[in-house]
Each structure stands twice: as C-alpha cells, then as structure tokens.
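*Asks:* The following comprises the amino acid sequence and a computationally predicted model.
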Amino acid sequence: MTPKRLLYVLPCSFTFLYTFRGHFSFLRSQGFEVEVACEQDECAAEAAKREGVVHQPIRINRFPSPMQDIRALLSLVRLMKAGRYDIVTCDTKKGGLLTCWAARLAGVPFALYIVRGLTSDKGGRARRLVFFNVERAICRGASRVLFMSESNLKICQEKRICAREKMVVFGGGSPNGIDTTHFRRSEALQRESVRFRERLGIPLAAFVFGYVGRLVREKGVPELADAWVAISAKYPGAHLLLIAPPEVGPRLEGQMELLRKSPNVHFAGFMEDPVVGYAAMDCLVMPSLGEGLPLVILEAGAMELPVIATRAPGCVDAMVHEKTGLLITPRDSVDLVTAMERVLMAPDGGREWGRNGRRRCEELFAQELIWQGYADLYERVLAG
C-alpha cells in the first residue's frame, strides 16, 4: 500500500499540545503517516510522544521579520521536498502564508489552510487592508480553506477573500471538535467542584457566573466588568469566577480594579484543564466581539451550562438563542445585565438550555465527527 504522508505546520507548540489533542492519533489509526513541524520545546516533545508522530523542528516568527521569514520559507521547501508529502496542513496567518507557498515551490500536490479567525475585520483601516491582502494571498496559495464556523466562511465569501469552491467546514465547525467524554458531568467531578468552590470561598448554594479566556478588550471584559457592578449591587449573593491567565490587556486596569474590589469575584488563574471550573459554574458568560469559533462555549455546552454570548461571528455558530442560552448585542453591558438577570431569576430554564447545549455539542461538534471530516477530505484528495 502506498504511504499516505501528511505534514502539519503548526508554528506554536501550544497548538500542537492542546488544540489538536488526539487528532494525530486518530489519523494514524486511519492509515496516515503524520509529521508535525513546529518550534522545538517541551510542549512539542510531549505532544509528539503522546500522539506517536514525528516532530520536525522549525521556527516561524509570529511577527514580520523579512530575513527570518525567508529562512523559514526555505526551510519549509527543503523539508517538503525531502519528506515527499502528499498533503500539508497549516494554521496561523504567518504559518499559512509561508506553508501554502512553500508547498507550491516544493511541488506538494495539496495544501489545507485552517482559518482560526479572520483578522481583516478588526482594527483600523490600514490594519484591515494589510490583513485582507495577507488572507487573500494565503487562500490563493491553498488548495482548500477550512473554516471554524459558517459565519466566518460567509464573511470571507462576502469580502471575496477566498474562492467559494475552496471553502469547507467540518460538522458544526471547530479545529478539533470537543471531547464530549471528558467534558461531561459526573458524580466524581461534582464532588471535586464542591472542593474547588470551598477553596475559593464560594458558598455551595451561590449562583456562579463564569468566564474563561484572556483578560482583553476583544473578549468583552470591559462590558463584563460594568455588568458585574450592576449585578453584584442588585444580587449580593451572586458570584463571578474568572478562569484566565494573569496578564491583563491594555486599557483594562480600571475595569480590573472594579473586579478585584468585589468580594464575590474569584480569580482562579489559568487552568490547563478547566473542566472542574465549568462544573463549579451555573452559567458561562462570553461577551466576545468575534471569534473563529469559541471552544469555551462548546465546552460549557458539553458541561450542560447555559451560555450568554454576543451576536458576533463564531459565537452565533456555537450556540442557539433561547435554546442553549442567550445572545446579546456586542459591547452592550446593559443587554448583558438583562441576560444575566434572566438566567439568575429562572434557573430551571437555564438548566434546560444546558441540556440542549449538551445534545447539540454531541450532534455537531464531537471530536470523532470533526476528525472524520479531515480524514474524508484527505482520502478524497489522494483518490483524486
């Protein structure tokens, strides 16, 4: 049998270790030979060992650096020519640009670019124009372009960034699906969440809103802080749990000071596996301004949590208004307060939304479904 050789170019080893957990093991079980090119560090070594794949060290600078970018491009061309891969798959803007065009120079028949989120719809006019041209160049070099959600695909199509025949979405979206076995409520997990609440000083009977993500403006943290001031004043028994890295984005110190002063706000820090954090929550709040597809919402759904999120790209694909939670207007703290009050005052309805979220996650975002999408595409390419 002719080997089916795949190369994944993932500039960030964190992506290799966490985002694509289980992905490469599945492809190997389907008869593919997989190698992953990314930076060389402990994360990459651990991921390669866990997945049983070959790690090819390569450095791709995140920021523009002409000389380093040329060296990375030439390194990719040499690697691809030596490896004789049938298909290359890549993500990130810089990784996609270098990989897709290196594949053309090296004669690799097929290149798949994974769009984790669009950048050409954010920032000032000059920034949007730069990223519009970057994204268009990547899509021109790619054979297929995988989107994380239908809403992002639609935006890309409307902007004419990519040819429609190149676009694809697997299942309901996401780069690697959700492990619905791991993100699942159980008696053991419930006991652990009780201990988690006790360590943070959260009463077991308290209603807990939760947030998981970076503390930056584009995630809607200013609106969350403003909404919490109103909620905590009216409902002093409510609590807010923040699972986030300690770094705070620019121009957020004022809002963060409001949260730090609140006795019912709990900073849990970054959690490599937030499953216990989800189990300790009663509702997830995600007021993001836009996403490729917010995995946090899907994980919360798998944990049977109602979700409050914005009517923004990506968020609208991850949940259904009035069925798995509530969608609100982006950058609107008043709308957020109204939604939080509604969930607080009708917890039974929230629990029903949570059960619906679990079913939807199993039907559209389960890992096996997304993995099979990749495998089927690769098989079609090789057969063609």
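*Replies:* Sure, I can see it.
*Asks:* Can you list the residue ranges for helices in the stretch 1-150 of the chain?
*Replies:* Taking DSSP state H, counting those that start in this stretch to define them, one finds helices in the stretch 1-150 of the chain at 13-14, 23-29, 42-51, 66-83, 93-106, 125-141, 150-158.
*Asks:* The longest one versus helix 93-106: what angle between them?
*Replies:* Taking axes from the mean of the first three to the mean of the last three C-alpha atoms, to 10 degrees, one finds that helix 66-83 is oriented at 50 degrees with respect to helix 93-106.
*Asks:* For Pro57, which of the helices of the stretch 1-150 of the chain is the nearest?
*Replies:* Judged by C-beta to C-beta, the one of those that comes nearest to Pro57 is helix 42-51, at 7.6 Å. No exception for glycine: its C-beta is placed from N, CA and C like everyone else's.
*Asks:* What are the contacting residues of the closest one?
*Replies:* Outside helix 42-51, the residues that touch it by C-beta atoms under 8 Å, 6 or more residues apart in numbering are 13-14, 16-17, 20-25, 28, 34, 36, 38, 54-55, 57.
*Asks:* which of those residues count as buried?
*Replies:* 13, 16-17, 20-24, 34, 36, 38, 55 (16 or more other C-beta atoms under 10 Å).
*Asks:* Now, the residues you listed that are in strands?
*Replies:* 34, 36, 38, 55 (DSSP state E).
*Asks:* helices or strands up against the worst-scoring helix or strand of the chain on mean pLDDT?
*Replies:* Taking mean pLDDT, DSSP states H and E as the measure, the chain has helix 125-141 as its least confident helix or strand, at a mean of 82. If you count contacts as 3 or more C-beta pairs under 8 Å, 6 or more residues apart in numbering; DSSP states H and E, helix 125-141 packs onto helix 93-106, strand 110-115.
*Asks:* Now do the buried residues in the first one.
*Replies:* Same thing as helix 93-106. So helix 93-106, judged by 16+ other C-beta under 10 Å, has buried residues 93-104, 106.
*Asks:* Can you dump the C-alpha atoms of the least confident helix or strand of the chain in CSV for me?
*Replies:* Presented in CSV, the C-alpha positions along helix 125-141 are these (Å, rounded to 0.1, in the frame of the first residue of the first chain):
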residue,chain,number,x,y,z
ARG,A,125,-8.5,50.8,8.1
ALA,A,126,-4.8,50.3,7.4
ARG,A,127,-4.6,47.2,9.6
ARG,A,128,-7.7,45.7,7.9
LEU,A,129,-6.2,46.4,4.5
VAL,A,130,-2.9,44.7,5.3
PHE,A,131,-4.6,41.6,6.7
PHE,A,132,-7.2,41.5,3.9
ASN,A,133,-4.3,41.1,1.4
VAL,A,134,-2.5,38.6,3.6
GLU,A,135,-5.6,36.4,4.0
ARG,A,136,-6.3,36.6,0.3
ALA,A,137,-2.7,35.6,-0.6
ILE,A,138,-2.9,32.6,1.8
CYS,A,139,-6.2,31.5,0.3
ARG,A,140,-4.8,31.8,-3.2
GLY,A,141,-1.9,29.6,-2.3
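*Asks:* So, low pLDDT: which residues of this structure?
*Replies:* The chain contains residues with pLDDT under 70 at 1-2, 118-123.
*Asks:* Which parts of it are strands?
*Replies:* 4-9, 32-38, 54-57, 87-91, 110-115, 144-147, 167-168, 208-212, 239-243, 265-267, 283-286, 307-310, 325-328.
*Asks:* if I look at Pro11, how far off is Ile114?
*Replies:* Counting by C-beta to C-beta, to the nearest Å, the gap between Pro11 and Ile114 amounts to 12 Å.
*Asks:* right, I mislabeled it, should have said Arg311
*Replies:* 25 Å.
*Asks:* same deal with Leu259?
*Replies:* Counting by C-beta to C-beta, the gap from Leu259 to Ile114 is 34 Å.
*Asks:* When those two are compared, which one has more neighbours?
*Replies:* Ile114 (25 against 22; other C-beta atoms under 10 Å).
*Asks:* Please report how far the more buried one lies from Gly96.
*Replies:* 8 Å.
*Asks:* Also Gln157?
*Replies:* Taking C-beta to C-beta, one finds Gln157 at 18 Å from Gly96.
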